[in-house]
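>>> any chance you could fold what I've pasted below:
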Amino acid sequence: MASRLPLRQFAGQRLRSIPRVPRVPRQICCRTFTWTTGAEGSRAPARSIHGLQSVPNLRSTISRVNLISIGNHQIRTYADTVVKVPQMAESITEGTLKQFSKQVGDYVERDEEIATIETDKIDVSVNAPESGVIKELLVNEEDTVTVGQDLVKLEPGGAPGTKSEQANEKPKEPAATSSESEKPKAPEPAQSSAAPEKSSSPATEAPKPSQQAPSKPQASENAKPALGNREERRVKMNRMRLRIAERLKQSQNTAASLTTFNEVDMSSLMEFRKLYKDDVLKKTGVKLGFMSAFSRACVLAMKDIPAVNASIEGPNGGDTIVYRDYVDISVAVATEKGLVTPVVRNAETMDLVGVEKAIADLGKKARDNKLTIEDMAGGTFTISNGGVFGSLMGTPIINLPQAAVLGLHAIKDKPVAVNGKVEIRPMMYLALTYDHRLLDGREAVTFLVKVKEYIEDPRRMLLG
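A predicted model of the protein is given here:
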């Protein structure tokens, strides 16, 4: 074949197509030529004819593949790609590398997740910039990493059928050699093939289970703490929990927080939901809940009390009130790592189904750790539903720089007076915590009463 011809058959051709790179070392895969051009005007001898060549007088690595034509032949240059910590957000410059999704020798597709970085707001996925095989992990799990730091060394190219299978077959080579060594002996393969079948059934191999049986109870007994045990465990707080603690304490130290309560009869809203939830689910695929009704009630009440949707900004605690014509509702969602508040944007333009769908999508992303910075940025008012966990009453904390937060609680059947008669009604306590620097008691109580009226008679929302 032409690709196997030695270099002397190209004596009449000068190797002019190789670029002169005096300071950039290349890794050259050469199957034909025994001489390559190194520094300007010199020829650097390759150490072997086949395989990956290391050329002297070249100092760094090119992170892509170059094809250089010489006559009917090509020289291909290879180098590894270094995966770096991606840009996360303007306010986030570092995080904790929680785990690697891939290990050394694993094949990854382009845009496939390699690692997860935990920040004080979200978890950031690190994806492969191109397909290839993981060659080296440059940091350890639980290390603090910064934006732009090297994480993984990736060897580009390959295919799932070649690289990954070779990587997976490496540990199996000793087993293969042992099986090959047993092939010449006819009786032994039969015995070895019968042995796994016996070991897989607990009734046939009595000695092995009897040896393993005592060890399992001992391990379980050691794992259980003794009665009256006074051991302690210290676990480092994750970045999100540290950030939550910082924000909540900042809210307490900054805002003049005050909470007002009211009680709302949920009979009409529950009947409304019972009548239409199946029809809405069939047509739109959205489960109709209570959060959308409370969101709509708050939006309508803000038209009369706009300060609830405002905030205080400026130096030294703030000297400017910012009023807004839009409503971005932060919905408090509890996750395994802590409380997050994704934002339903432009809630004033949505109907009940639109708000419910937006809340459901954000809740799913929060539980799957797929929230982005954009999902949680901003927010002008917060609704927190502690009732899903059975809370009867509580005082939520303001999510700065917002001015108020509405707390929903559990629905309990209680005897109440209705038109001079005692009736059993499903009742819920509402709590509005507000910043007294911006809202007076009259405004806060008026806002909460309007929300109560909209919920107790949902038809009022059509007139808003």
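
>>> rest of the way, CA atoms for contacts and neighbours
Noted.

>>> where do the strands sit along the stretch 301-450 of the chain?
Remark: strands assigned in the stretch 301-450 of the chain by DSSP state E, counting those that start in this stretch are 311-313, 320-322, 329-331, 333-334, 339-340, 343-344, 381-385, 404-418, 421-435.

>>> all helices for the protein, in order.
Under the criterion DSSP state H, the chain contains helices at 165-169, 173-182, 187-200, 207-223, 239-254, 267-284, 291-304, 352-367, 373-376, 441-456.

>>> compare the mean pLDDT across those helices and name the weakest.
Comparing mean pLDDT across these, the lowest value falls on helix 187-200: a mean of 40.

>>> how about the nearest residue to N369, chain neighbours excluded?
Excluding the flanking residues, the one nearest N369 by Cα to Cα, 6 or more residues apart in numbering is D123, at 6.4 Å.

>>> dump the residue contacts of K287.
K277, V280, L281, E356, K357 (Cα atoms under 8 Å, 6 or more residues apart in numbering).

>>> same thing but at 7 Å, please
Contacts for K287 (Cα atoms under 7 Å, 6 or more residues apart in numbering) come out as K277, L281.

>>> next one: phi and psi at it?
Taking degrees, to the nearest 10, you get phi -80, psi 120 for the backbone angles of K287.

>>> could you do E141 as well?
Backbone torsions for E141, taken as degrees, to the nearest 10, come to phi -60, psi 150.

>>> how near is it to T382?
As judged by Cα to Cα, to the nearest Å, E141 and T382 stand 35 Å apart.

>>> what about these two, which has more around it?
In this view E141 and T382 are compared by other Cα atoms under 10 Å, and T382 has more residues nearby, 27 against 15.

>>> would you confirm that that one contacts L406?
Yes. With contact defined as Cα atoms under 7 Å, T382 reaches L406; the gap is 6.3 Å.

>>> how about T341, nearest residue that isn't a chain neighbour?
Excluding the flanking residues, the one nearest T341 by Cα to Cα, 6+ apart is A332, at 4.5 Å.

>>> check T372 too.
With Cα to Cα, 6+ apart as the criterion, T372 has its nearest non-adjacent residue at 6.4 Å, and that residue is I122.

>>> still on that earlier bit, R234: which of the strands of the stretch 301-450 of the chain is closest?
strand 339-340 (21.4 Å; Cα to Cα).

>>> tell me the contacts of E456?
V264, D265, M266, S268, L269.

>>> next one: S267
So S267 contacts R425, P426 (Cα under 7 Å, 6+ apart).

>>> so how far is T119 from it?
Distance from S267 to T119, counting by Cα to Cα: 43 Å.

>>> okay but I398 is in contact with A404, surely?
Yes. Between I398 and A404 there is a contact under Cα under 7 Å: 5.8 Å.

>>> how near is Q149 to E112?
Distance, Q149 to E112, using Cα to Cα: 19 Å.

>>> relative to V82, which of the strands of the stretch 301-450 of the chain is closest?
strand 339-340 (32.7 Å).

>>> what mean pLDDT would you report for the closest one?
pLDDT averaged over strand 339-340 gives 82.
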